[in-house]
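Q: give me coordinates for this.
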Amino acid sequence: MCGRFALTATPDQTAAFLDVAGLEDFPARYNIAPTQPILMAVAGPPQAPGSNLPDRQPMLVRWGLIPTWVKDTREFPLLFNARSEGAAEKASFKAAMRHRRALVPASGFYEWRQTGGKKGQPYWIRPRHGGLVAFAGLIETYAEPGGSEMDTGAILTINANADIAHIHDRMPVVIDPRDFARWLDCRTLEPRDVADLLRPAQLDFFEAIPVSDLVNKVANTGPEIQERGEIGPEPEKVKRQKSGADDSQMTLF
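A: Model (predicted):
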């Protein structure tokens, strides 16, 4: 799963990576958590031939998708992750999979090796060769009872590859820059046309660095949470929960 991540690149670096314009200045964020605003990129409106306008646009989205049909958000679970294997059919995500696919820029993400059902050793998981990655995201615009609208989103996950599986059995779906246009093209490509992009990252793409438990607290937002820490003892094997709520989403919080 992906319950915390970081985006520490400059706005210029992020804009160049996503090929978007109009990013306002924003500080590095080392400990992004659900319900906070996150940056996503979506396909822009159709452009006239010869237009020089960028074909992608940035959006600030609340991390935690709320489907349009939800009546009471207080009784609805926090959907910050979506299992990619069934997202195209699941009521909570199928509309967004068809109409509102997005990219989530990140410098890396955090994961916890589980110990007896509790958070164990935290890891900072980043691209081995540095730079940014783009997670596969979904966006849904939720109309609140008062009439105001709120853009909400989730990150798609997949079975972890061998580099990550010893820490957690899920990882975010990473979209290669060569596939950005395909993933974002909701006008001509249906979910089945981009299903091949929903796969684990290649082996050796990520490196996992043990860090201290400072990252456990959302209030800790400085670069020190990414400093290498000591690896705790190996956990005993624990039985994983059955898949009920999407991606066991509340296990970190």
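Q: that's a strand at I209, yeah?
A: Yes. Using DSSP: H, G, I helix; E, B strand; the rest coil, the assignment for I209 is a strand.
Q: let's number from 6 now, not from 1
A: In the new numbering, first residue 6, that becomes I214.
Q: name the residues linked to it by a beta bridge.
A: W129 (DSSP bridges).
Q: that one against R233, yeah?
A: Yes. Using CB atoms under 8 Å, I214 is in contact with R233, at 5.7 Å. Any C-beta I mention is one placed from the backbone N, CA and C, and that applies to glycine too.
Q: neighbour count winner among those two?
A: The neighbour count for I214 versus R233, taken as other CB atoms under 10 Å, is higher for I214 (15 against 10).
Q: OK, contacts around that one?
A: Y128, W129, I130, R131, Q231, R233 (CB atoms under 8 Å, 6 or more residues apart in numbering).
Q: ok, the last one - contacts?
A: Residues in contact with R233 (CB under 8 Å, 6+ apart) are I214, P215, V216.
Q: equivalent analysis for the second one, please.
A: If a contact means CB under 8 Å, 6+ apart, then W129 has A11, G113, Y115, A213, I214, V216, V220, I230, Q231 as its contacts.
Q: please name the nearest non-neighbouring residue to the last one.
A: In space, and not counting its chain neighbours, Q231 is closest to W129: 4.9 Å by CB to CB, 6 or more residues apart in numbering.
Q: now stretch 160-177: mean pLDDT?
A: Stretch 160-177 comes out with an average pLDDT of 96.
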